[in-house]
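Trainee: Take a look and give me a structure for this.
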Amino acid sequence: MPGGSERALAQAALLALDWGTSSLRAYVLDCAGQVLAWRQEPWGLMQVGEVSGKQGVAGYEALFERIIGDWPGLAADIPVITCGMVGSAQGWQEVPYLPVPSAAADLARQLAPIRHGNGRTIWAVPGWREAGLLPNVMRGEETQILGALLQWHALQGDAESGLPQVGPDAADVLLCLPGSHSKWARMQGDRIRHFDTFMTGEAFSAFSRHTILARTMTVGAAADAAAFERGLHTALAEDGKGVLANVFSCRTLGLSGELDAAQQADYLSGLLIGEEIASMRASFDCGIALVGDAALCRRYATAIRFAGVSHDVPILSGATERGLWRIAVEAGLIPETRSSTGIAPVASIT
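Mentor: Residues are numbered from 1 along each chain as shown. Have a look, this model is predicted:
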């Protein structure tokens, strides 16, 4: 599928780009949202100048030409949509944030045009920003959230492939997107009401590589479920001392021989994910779904269960490409062809 056959590409209706800090993923989609071909390259914002040999806008234009070069059969006028950090101040062109609360459909109404030097227009999805004591921003995750919403409502038996309408009785769902900067978005229908960000993944990397904990810890060893669950129990304890005290126990449990070097990383992971879950536990009064990498999502599913949630917490994949397709449909960039299930059959590439 990465290359895509000439016959398949004849059905291409949309080129969708997920362009982030560390990588660029490109998808060729048909009108129903089916992935016809895809490609991933380590051409994120941090690598644009080095890879392209050019700076600024010229670098992005050059890499765009390279990414579509594998698909010479694509129509020259195929619509192009992108999301992610490519729309940040450090990206190809800065795209304004939309305020939260906001409707997911507003993303389609506020697409920003990026004009390529060859005359082509690339439509960029805006991010979301929430003001307050702890201001929050996201770029790229808003598209994942939209794609995940479609999957969530399909799982609930919703027959429509379009965005759910908001009503006074619309049920909330809490979407969790684990990662370097995990996001938790509270949705009602197609509206985002609130979201929180936790630097859990980045904190794990910093603690395990750049503190005294790294001296006795083996990162990358085979997963140890018992050590991870021990970390969860500690973080979720009602009489806990807090994350900074908990983290130091990685060292002391190692010194006492209660955790060996290969177990400490999973214990630390349990402590940090458990701290995140403890902070969100008061919001677990509605449906919950996890979005993203399956292995990481399974850790979060375990942590949510340890926090007392007994109902099913599905793991949703393919959300970004599904979200880009839906935004393109809502914006009128492509016509919609509904599948028999009423939702785009986006293929998993994991």
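Trainee: C-alpha only now, for contacts and for neighbours.
Mentor: Noted.
Trainee: From Leu45, how far off is Thr21?
Mentor: 5 Å (Cα to Cα, to the nearest Å).
Trainee: The two: which is more packed in?
Mentor: Just comparing Thr21 and Leu45: by other Cα atoms under 10 Å the higher neighbour count belongs to Leu45, 22 against 18.
Trainee: give me the number of residues near Ala225?
Mentor: Counted with other Cα under 10 Å, Ala225 comes out at 15.
Trainee: Nearest spatial neighbour of it, chain-adjacent residues omitted?
Mentor: Once flanking residues are discounted, Ala225 sits nearest to Asp266: 7.4 Å by Cα to Cα, 6 or more residues apart in numbering.
Trainee: counting contacts, what elements does the helix or strand hosting that neighbour pack onto?
Mentor: Per DSSP states H and E, Asp266 falls inside helix 261-280. Under the contact criterion of 3 or more Cα pairs under 8 Å, 6 or more residues apart in numbering; DSSP states H and E, the helices and strands touching helix 261-280 comprise helix 200-210, helix 225-236, helix 243-255, helix 294-306.
Trainee: go with 6 Å
Mentor: Applying 3 or more Cα pairs under 6 Å, 6 or more residues apart in numbering; DSSP states H and E, one finds that helix 261-280 makes contact with helix 225-236.
Trainee: How about the helix it packs on, which residues are buried there?
Mentor: Using 16 or more other Cα atoms under 10 Å as the test for burial, helix 225-236 gives 227-236.
Trainee: got it, and stretch 94-108?
Mentor: Within stretch 94-108, the residues that qualify as buried are 94-98, 100-108, counting by 16+ other Cα under 10 Å.
Trainee: helices or strands next to the host helix or strand of Val28 in the packing?
Mentor: In the assignment (DSSP H and E), Val28 maps to strand 24-29. Contact here means 3+ Cα pairs under 6 Å, 6+ apart; on that basis strand 24-29 packs against strand 14-19, strand 35-41.
Trainee: Which one, of the ones you listed, ends up nearest to Asp196?
Mentor: Among these, the nearest to Asp196 by Cα to Cα is strand 14-19 (21.9 Å).
Trainee: how big is the angle separating the strand holding Val28 from strand 35-41?
Mentor: 170 degrees (axes from the mean of the first three to the mean of the last three Cα atoms, to 10 degrees).
Trainee: Residues touching strand 24-29, excluding its own?
Mentor: 12-18, 35-41, 43-44 (Cα atoms under 6 Å, 6 or more residues apart in numbering).
Trainee: switch the cut-off to 7 Å
Mentor: Applying Cα atoms under 7 Å, 6 or more residues apart in numbering, the contact partners of strand 24-29 are 12-19, 35-44.
Trainee: ok so, going back, chain center to the helix holding Asp266: distance?
Mentor: Using Cα atoms, centre = their mean, to the nearest Å, the mean C-alpha position of helix 261-280 is found 20 Å from that of the whole chain.
Trainee: List the contacts of it.
Mentor: Applying Cα under 7 Å, 6+ apart, the set of residues contacting helix 261-280 from outside is 198, 200, 204, 216-219, 221, 223-224, 227-232, 234-236, 243, 246-247, 250, 254, 303-304.
Trainee: could you give the mean pLDDT of the helix or strand that it is followed by?
Mentor: Reading on from helix 261-280 to the C-terminus, the next helix or strand found by DSSP H and E is strand 287-291. The pLDDT scores in strand 287-291 average 98.
Trainee: what helices or strands is strand 287-291 leaning on?
Mentor: Using 3 or more Cα pairs under 7 Å, 6 or more residues apart in numbering; DSSP states H and E, the elements in contact with strand 287-291 are strand 172-177, strand 315-316.
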